[in-house]
Each structure stands twice: as C-alpha cells, then as structure tokens.
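[1] Below is the sequence, then the predicted model.
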Amino acid sequence: NAGVMQNPRHLVRRRGQEARLRCSPMKGHSHVYWYRQLPEEGLKFMVYLQKENIIDESGMPKERFSAEFPKEGPSILRIQQVVRGDSAAYFCASSPAKISGNTIYFGEGSWLTVV
Amino acid sequence: GESVGLHLPTLSVQEGDNSIINCAYSNSASDYFIWYKQESGKGPQFIIDIRSNMDKRQGQRVTVLLNKTVKHLSLQIAATQPGDSAVYFCAENPGQAAGNKLTFGGGTRVLVKP
C-alpha cells in the first residue's frame, strides 16, 4: 500500500452535504481506480481514470457521484447530497500505464459516515 | 462469487496449522487472479497472483491454485500465524484491454487461534 495516499481517512457528513475524497497515486502511476466497500462485502469497481480522462465509469451511480483526475493534483471522488447509503469505505488504487496482475496498488481508504 | 449483504464466511484455524481459502470466479476470460489480504481499517494488500495460463504458483508460505475447469481459485497459507488474521479476497483482472478492472469476490475472514 505504500505510495497511494488517500485523504481524509475518515469523514463524517450530514445528509445533504457534499463529500470530497482525494487520492494521490504512486509516483509514476498515471492510472487511478476508485472502489467502494460496504461493511462485510468485497470491493466494487466505480471508475477508472487516466490524467484528464474518464476511461470507464460503469460502476458509478448515475446521480450525485463524479470523479476527476486533473493534469495537476490528486484524483477527486465527489459525492453530492450524501445519503446514509453512501456510508462506506472508498478505496483508490493506482497503476502504471502498462500493468500485470500485481502492479495495482491500493491506498488505505477513506471511511465516509453519513449521519 | 460475491456475497451481497451477508456476513463473511469465517475460517478458524489453530496457529501453526495450514489454512485453505477458496474462491469461485465467474469470468473465464480473466487474465490474472489475485489474492488480497485486508486487515481491519486498512486497504487491500497484495499477497500473490497467478496468470490464467498457470495452475499453481508459490510464494513465501503461500500457494495459489487455479482450476479453470471449475472456475475455482484457492489460497493455501502454510503454518498460519496470528498476523495472518484478516479478511482475504480473491479478485479477477480481465487484462489491459478491459481496463484492468478488478472484480472482487465476497471475502473470507481468517481467525487464527493461539
């Protein structure tokens, strides 16, 4: 997990507020993935981004969720008007442009609690 | 496969014994299969992977077996230690052409008894 930095590690939001989760990939990695994990479940793919491009957002809810990976700075996962069901752990992973099975590295996650 | 809304299956093992964790996968076209270990409050940590053209791969104290006929993957941990207590997930990687989009299994909790 060394190198993929996520913040905040823990975030509490009231229903209706916005949550912003940040991910800085490992040095030299140009690909970022976001996954969501509900309690007692596996991780579910949300979105795959490269610098300034969303490559695959098939796992993103259609409303309220958005992601970006700008040319400069971290990738941001943004959740607008949060609801209790958004409470989960959100993990970011990064990889270099060409990867094999063991070169996707995960961060330590951001735990979102909606009250 | 994935469990939805269910408690994780738990494997209790005596310290020093061997552990075997099983996983059924769904996509026969997956390029890689990966085992991750997740400790409480942390992110998934890579343990070992196996390419689809292999049936066995060994690491330090761990062995992964792949049976493509029945779409089954297993992780064997030799001489299980207290530090092995965690949740273990298998994941399928469909490969570069499919965006390396990992699909995770439902996970197994391993509890090591001293």
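    Everything's here; your move. Bear in mind the structure is a predicted one, so any value in this text is a computation, not a measurement.
[2] could you say what helices and strands the lowest-mean-pLDDT helix or strand in chain B packs with?
    Least confident element among the helices and strands of chain B, by mean pLDDT, DSSP states H and E: strand B:103-104 (a mean of 91). Other elements packing on strand B:103-104 under the criterion 3 or more C-beta pairs under 8 Å, 6 or more residues apart in numbering or on different chains; DSSP states H and E are strand A:43-50, strand B:86-93. In short, each C-beta sits where N, CA and C put it, glycine included.
[3] Please identify the deepest-packed of those strands.
    strand B:86-93 (a mean of 24; mean count of other C-beta atoms under 10 Å in any protein chain shown).
[4] Below-threshold pLDDT in chain B: ranges please.
    B:1-7 (pLDDT under 70).
[5] Mind jotting down where the strands sit in it?
    Remark: strands assigned in chain B by DSSP state E are B:10-14, B:19-24, B:32-38, B:45-51, B:56-58, B:62-67, B:72-77, B:86-93, B:103-104, B:108-113.
[6] The fifth one near chain A at all?
    This means strand B:56-58. No. Strand B:56-58 does not reach chain A (C-beta under 8 Å from any C-beta of the partner chain); its nearest approach is 10.5 Å.
[7] Tell me which helix or strand the residue positioned nearest the centre of chain A sits in.
    By C-alpha atoms, centre = their mean, the mean C-alpha position of chain A lies nearest to residue A:34, the distance being 3.4 Å. Residue A:34 is part of strand A:31-37 when elements are defined by DSSP states H and E.
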